[in-house]
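Novice: No letters, just coordinates:
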């Protein structure tokens, strides 16, 4: 069971979940491919190629762990982010405490559709969640959800 699903309050539902983009695997794939090609060349290059292949596999494993252990969601009451496997970092912010959601995208992020979503709370805290697939879609859905549930917050 995911962190978000296991920490929902009574009557709270998940409205939108974000995923980590596949692009986080690219550095590991490139390094592993270069290592494989160097190993195929043989000689001294083969030794460095084996080392590069191991580094590439480690990078791919790190990316897989990041993809599996990062969660970002908007619920009917909160914005929730969780990052990490052994050392966990979480952020749970009620809709009324969300000041803004910013999206940071570089050139590759714009081309391939990923970026960092920064959740800013009213207390000045900012929580960046990098590598989010289609971050503009997440921001739009989050802001729409917050707007939709804001009248019910004022009535309570």
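Specialist: Perfect, I can see it now. These figures come from a predicted structure and were not determined experimentally.

Novice: And the helices in the protein, which stretches?
Specialist: For the chain, helices defined by DSSP state H occupy the ranges 3-6, 26-41, 43-69, 107-112, 135-155.

Novice: how about the ones you listed in a markdown table, adding distance to residue 96?
Specialist: Every C-beta, even on glycine, is put in place using the N, C-alpha and C of the backbone. Below are the helices of the chain laid out as a markdown table (distance: least, CB to CB, whole Å):
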| stretch | distance to residue 96 |
| --- | --- |
| helix 3-6 | 19 |
| helix 26-41 | 39 |
| helix 43-69 | 28 |
| helix 107-112 | 30 |
| helix 135-155 | 5 |
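
Novice: what comes up buried for the worst-scoring helix or strand of the chain on mean pLDDT?
Specialist: In the chain, the helix or strand scored least confidently by mean pLDDT, DSSP states H and E is helix 135-155, which has a mean of 80. For helix 135-155, the neighbour count (16 or more other CB atoms under 10 Å) marks 135, 138, 139, 141, 142, 145, 146, 149 as buried.

Novice: Including distance to residue 72, could those residues go into JSON lines?
Specialist: JSON lines is the format used below for the buried residues of helix 135-155 (distance: CB to CB, whole Å):
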{"residue": "135", "distance to residue 72": "9"}
{"residue": "138", "distance to residue 72": "7"}
{"residue": "139", "distance to residue 72": "11"}
{"residue": "141", "distance to residue 72": "11"}
{"residue": "142", "distance to residue 72": "9"}
{"residue": "145", "distance to residue 72": "13"}
{"residue": "146", "distance to residue 72": "15"}
{"residue": "149", "distance to residue 72": "18"}
